[in-house]
Each structure stands twice: as C-alpha cells, then as structure tokens.
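Peer 1: Need a 3D model of the following:
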Amino acid sequence: MTTKREIVVDRDGIPLACVLERGPAHEIKLAAKVLDRVAIPVGRGRPRKRFGKVLGDRAYACRAFRQYLHRKGTIPCISRKNRHGQGPGLPRHKGPRG
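Peer 2: Prediction:
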C-alpha cells in the first residue's frame, strides 16, 4: 500500500499544511484539499486563508485547478504542459514514387 502526501510551504520552506491520502489519489484533488487547510497566522485576529501566488510544476497545469485558484483570488504560477505531436507540423517528405 502506498501513501501520497501533499505539503504546502511558504517561500522559506516552512510547512503550512499537509494532506495524506492513499497512493492512487490524483495530485489535483489533493492540492485543492491542502490549499483549503492553509491558515497563515498574521498577528491579531483570524489567520489569513488567501494568498497572492501559488507556485507549482506541470502536474498542476490543468484548467480546472487554475480556475479554482482564480476563484480564490490567487495567481497561479504554473508552467504549461508541452503539447508534443499536436498541430499540423511539417509536411511529410514525399519520395520519388509519391
């Protein structure tokens, strides 16, 4: 049996929230869960639940996750996935027989 862990850290590498799930869970579902658990202490009053930017690798580059971040008022800083093999590309070389 495997376990996946999703951890949110601040810019200094200090953990802010963590989620543990069974192995076959998808990262996007875990990311939404762990971001909902983040509570940043800021002096007096309630902890802050919103943050300016979220950095992530290409595993988090789906449209649904980006929309989730926009709804929370967060700017996603996530690389786009490469789309190899899509589009017209170059025409195939035709030999002397066609």
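Peer 1: What residue, apart from its backbone neighbours, is nearest the residue nearest the centre of the chain spatially?
Peer 2: In the chain, the centroid-proximal residue (CA atoms, centre = their mean) is Y60; its distance is 2.9 Å. Excluding its sequence neighbours, the residue lying closest to Y60 (CB to CB, 6 or more residues apart in numbering) is I78, at 5.2 Å. Yep, even glycine has a C-beta here, placed from its N, CA and C like the rest.
Peer 1: State the number of residues packed around that neighbour.
Peer 2: 18 (other CB atoms under 10 Å).
Peer 1: ok, now A59?
Peer 2: 14.
Peer 1: The nearest residue to it once chain neighbours are set aside and A64, how far apart?
Peer 2: The shortest distance from A59 to any non-neighbouring residue, by CB to CB, 6+ apart, is to E27 (5.0 Å). For E27, the distance to A64 equals 12 Å [CB to CB, to the nearest Å].
Peer 1: okay, the two: which has more neighbours?
Peer 2: Neighbours were tallied for E27 and for A64 using other CB under 10 Å; the higher tally belongs to E27 (16 against 8).
Peer 1: Surely the more buried one is in contact with E6?
Peer 2: Yes. Counting by CB atoms under 8 Å, E6 is a contact partner of E27 at 6.9 Å.
Peer 1: give me every residue that touches K81.
Peer 2: 58, 61 (CB atoms under 8 Å, 6 or more residues apart in numbering).
Peer 1: residue boundaries of the helices in the chain?
Peer 2: Per DSSP state H, the chain carries helices over the ranges 27-37, 63-71.
Peer 1: Can you tell me who the nearest residue to L69 once chain neighbours are set aside pairs with across the strands?
Peer 2: Nearest residue to L69, sequence neighbours excluded (CB to CB, 6+ apart): P76, at 4.6 Å. Per DSSP bridges, the residues bridged to P76 are V54.
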